[in-house]
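Student: kindly generate the corresponding structure for this input.
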Amino acid sequence: MVQTSPAERVCQCLCPAHVIHSVILWASPDLHAGHEAAAAAVADAHSGPASKIPPALARLAHRPDGLRALRALAALLGLAAIGTYVAVALTRLTYPLVLEVLESNSLIEVHRILAGQPLYAAPSAGYVPDGYPPLYFAVSSAAAGVLGLSYLPLRLVSLVSSLACFAVLGRLVQRETGNAAAGIAAAGLLAGTYFDVRTWFDVARVDSLFLALSVTALYAARWASRTRGAVAAGLLLGAAFLTKQSALAEGVAVLAALAAGPRRRLAVPAALTYGAVLAGSTLVLGLTSHGWYLYYVFEQMGQHALNTAAETRFWTGYLLPTLGIAICAAVLGTRRIPLVLLAGYAARVQIGGNVNDMLPAYLVVALLAGLAMTPRPGGQPASRTGRPAEAQDAGMRRGQARRWAAAAAAGLVTAQLAVLMAGFRPGNAIPTGTDRAAGLGLAAGLEVLGGTVAIPGNPGLALMAGLPQVENQVAAADVLGASDRAAKTIFTASVARAVSTQRFTAIITEMTGDLRGFPADLSRYYRLCPQMPLAGAPPDPYGPVAVARERPVSIWLPDGRGSCAATIRAINGAQSMISPAPPRVPGRPGGPA
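Tutor: Here you go, the predicted structure:
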């Protein structure tokens, strides 16, 4: 028997399983007309199972001020969700080690910008870029130039971006509905997914900046009335693309919505601005990188095989279990949901997609659910004066149905927020002193080893120890998984040369996948040490938050050089000298200012 989550069971009762995957819907200038048509369609819905909200909420909705009370309760829960997120994020902000596996490569990319090295280069044993456009890394490098190179400035950019995203989302809903509580509830609904997206909002990755720019571009396009507003929308869409290339689909959709609506004159300046940003940046970055920017940003992910199983996981593994109740609230506020842009969905089902790819879908659900919490756009009642009695009666019935729909939506949003907050586990998101000591001890041990130490699972650790850069195994896997044989050959040949010349002082692996791309005859040049460093350290106590483990599994040393016992003693000895909460050194890698 197939097991279903409570959210899925609620949604199966209340609404069809349809929701859009990208942040494009409310760019349409016909939003108010769409709400009018949608509201008329929900009258029949409340005579059926859609009215089955929790009994306490149903009784509250019967009161004259029930809708207002439900929205206020949802807003309070939304504020609590945002407050919890901020508290956890501030606690993690200065943690000197990785919280997510690719944070390590983000640190290296910021370091390369500060050092004047190219961000896009041929894949090699020394460096493989993540494959994103440069804006997040450029903004983070500007912050790192002031605060010093560490994870602090990178996470600070993500934290500020996520808060900006919440604020713009809330303002967009408030402006559309005329109700501040609905806006706060929508922002809180997005913040409430923090633990379901593995605490992604504040990690040193591109996604929060991308989300903030996307929703701000959407807001600008929705409310632009003059040419300068259209130009601003085009610039913001371009900036979102320069943060994450999946924004290309959103830009096309927003511009198409402008061109099809009454403000079609604004589509031309917006499109010209957007096109200029894309064309100019692509030309400059493509030429200066000798074509590698084009490979990483445009070609690489498109060359990966589609993962058809991810289509099912999108619904049953991520969307319905997390926001199934809120999806039902969103459906109550609209007669139909627009089709998804296939380009945006294809990015999700390709190999390499992660839970962070759900963030745009969660944002859209939060937006639609917030908009459904008021009877009419702007929150204004329909005028009934000067109309025939029958028309007035029909209007009153429609108005009552709309109010019931809004009350049901508010109740569902409240229930969804309660479910999300019941799953909050702040203690699981905050690394312990033991984690800090083990990671910093390993970094100190690398300093003792010196030379070039390859840690494919966490190359930022070597950078913190002042050692040369090495490739990241996740970024390398993207190159190896693409169909471009030339790039794969360049990478594997570089690794093979490094191995055959015994360039690495040591190779430290955290998982077997770390050796992807290494030559099959690795054991000809390196020997595997029988001992395990940090063997006495407890296994990763904060579990699912730390995708990257900082407990090395094995050490490979050059054949005929070095001593396994001495290497293990160096790492274990350095670890034992690290206190659980060492003082920070301003401006030093691994020690935020």
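
Student: skip the chain neighbours and tell me the closest residue to M358.
Tutor: Y318 (4.9 Å; Cβ to Cβ, 6 or more residues apart in numbering). Every residue, glycine included, has its C-beta placed from N, CA and C.

Student: can you tell me how far that neighbour is from A326?
Tutor: Here Y318 is placed at a distance of 13 Å from A326 (Cβ to Cβ, to the nearest Å).

Student: and the two? Which one has more around it.
Tutor: The neighbour count for Y318 versus A326, taken as other Cβ atoms under 10 Å, is higher for A326 (33 against 20).

Student: now for the more buried one: which residues touch it?
Tutor: 189, 365-366, 369, 412-413, 416 (Cβ atoms under 8 Å, 6 or more residues apart in numbering).

Student: export the host helix or strand of it as PDB, just CAs?
Tutor: Secondary-structure assignment from DSSP states H and E places A326 in helix 320-332. The C-alpha coordinates for helix 320-332 follow below in PDB (Å, rounded to 0.1, in the frame of the first residue of the first chain):
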ATOM      1  CA  LEU A 320       3.000  17.900  -2.300                       C
ATOM      2  CA  PRO A 321       4.600  16.700   1.000                       C
ATOM      3  CA  THR A 322       5.900  20.300   1.700                       C
ATOM      4  CA  LEU A 323       3.100  22.600   0.400                       C
ATOM      5  CA  GLY A 324       0.200  20.400  -0.500                       C
ATOM      6  CA  ILE A 325      -2.200  22.200   1.800                       C
ATOM      7  CA  ALA A 326      -1.100  25.600   0.500                       C
ATOM      8  CA  ILE A 327      -1.500  24.400  -3.100                       C
ATOM      9  CA  CYS A 328      -5.200  23.800  -2.200                       C
ATOM     10  CA  ALA A 329      -5.400  27.400  -0.900                       C
ATOM     11  CA  ALA A 330      -3.900  28.600  -4.200                       C
ATOM     12  CA  VAL A 331      -6.400  26.700  -6.300                       C
ATOM     13  CA  LEU A 332      -9.300  28.300  -4.400                       C
END
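
Student: distance between that helix and the chain's centre?
Tutor: 20 Å (Cα atoms, centre = their mean, to the nearest Å).

Student: all numbers from here: first residue = 717
Tutor: All set: I'll call the first residue 717, so the last point we hit is now helix 1036-1048.

Student: the host helix or strand of A785 - contacts with which helices or strands?
Tutor: Using DSSP H and E, A785 sits in helix 782-808. Counting contacts by 3 or more Cβ pairs under 8 Å, 6 or more residues apart in numbering; DSSP states H and E, helix 782-808 is packed against helix 771-778, helix 867-893, helix 896-907, helix 1105-1138, helix 1142-1145.

Student: model confidence score at the residue nearest to G1049 when sequence neighbours are not counted, please.
Tutor: In space, and not counting its chain neighbours, G1049 is closest to A1088: 2.6 Å by Cβ to Cβ, 6+ apart. At A1088, the pLDDT value in this model is 91.

Student: and A1088, how far from A860?
Tutor: Counting by Cβ to Cβ, the gap from A1088 to A860 is 42 Å.

Student: between the two, who's got more neighbours?
Tutor: The neighbour comparison of A1088 against A860 (other Cβ under 10 Å) goes to A1088, with 31 against 27.

Student: give the contact list for the more buried one.
Tutor: Here A1088 is in contact with 1045-1050, 1121-1122, 1125 (Cβ under 8 Å, 6+ apart).

Student: and if you look at A955?
Tutor: Contacts for A955 (Cβ under 8 Å, 6+ apart) come out as 851, 929, 933, 993.

Student: so where does the third one fall, helix or strand?
Tutor: In this structure, A933 sits in helix 923-939 according to DSSP H and E.

Student: how far is the next helix or strand after that helix from where the chain is centred?
Tutor: Sequence-wise, the next helix or strand downstream of helix 923-939 (DSSP H and E) is helix 943-957. How far helix 943-957 lies from its chain's middle: 21 Å, per Cα atoms, centre = their mean.

Student: so which bits of helix 943-957 are buried?
Tutor: Buried residues in helix 943-957, counting neighbours by 16 or more other Cβ atoms under 10 Å, are found at 945-957.

Student: isn't T810 up against L870?
Tutor: No. Because the distance of 11.9 Å does not satisfy Cβ atoms under 8 Å, T810 is recorded as not touching L870.

Student: low-confidence stretches in the stretch 1017-1166 of the chain?
Tutor: Residues of the stretch 1017-1166 of the chain that meet the criterion pLDDT under 70 lie in 1020-1027, 1050-1069, 1092-1115.

Student: the same query, at a cut-off of 90, please.
Tutor: Across the stretch 1017-1166 of the chain, the ranges flagged by pLDDT under 90 are 1017-1035, 1046-1074, 1076-1077, 1080, 1084, 1087, 1090-1121, 1141, 1143-1144, 1146-1165.

Student: same thing with the stretch 867-1016 of the chain?
Tutor: 892-893, 913-914, 934, 938, 962-980, 1016.

Student: let me know the helix or strand that W1272 is in.
Tutor: According to DSSP H and E, W1272 maps onto strand 1270-1274.

Student: and that strand, C-alpha only, in PDB?
Tutor: The C-alpha coordinates for strand 1270-1274 follow below in PDB (Å, rounded to 0.1, in the frame of the first residue of the first chain):
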ATOM      1  CA  SER A1270      40.900   7.600   3.500                       C
ATOM      2  CA  ILE A1271      44.300   9.100   2.700                       C
ATOM      3  CA  TRP A1272      46.400   8.300  -0.400                       C
ATOM      4  CA  LEU A1273      50.100   9.200  -0.200                       C
ATOM      5  CA  PRO A1274      52.600   9.200  -3.100                       C
END
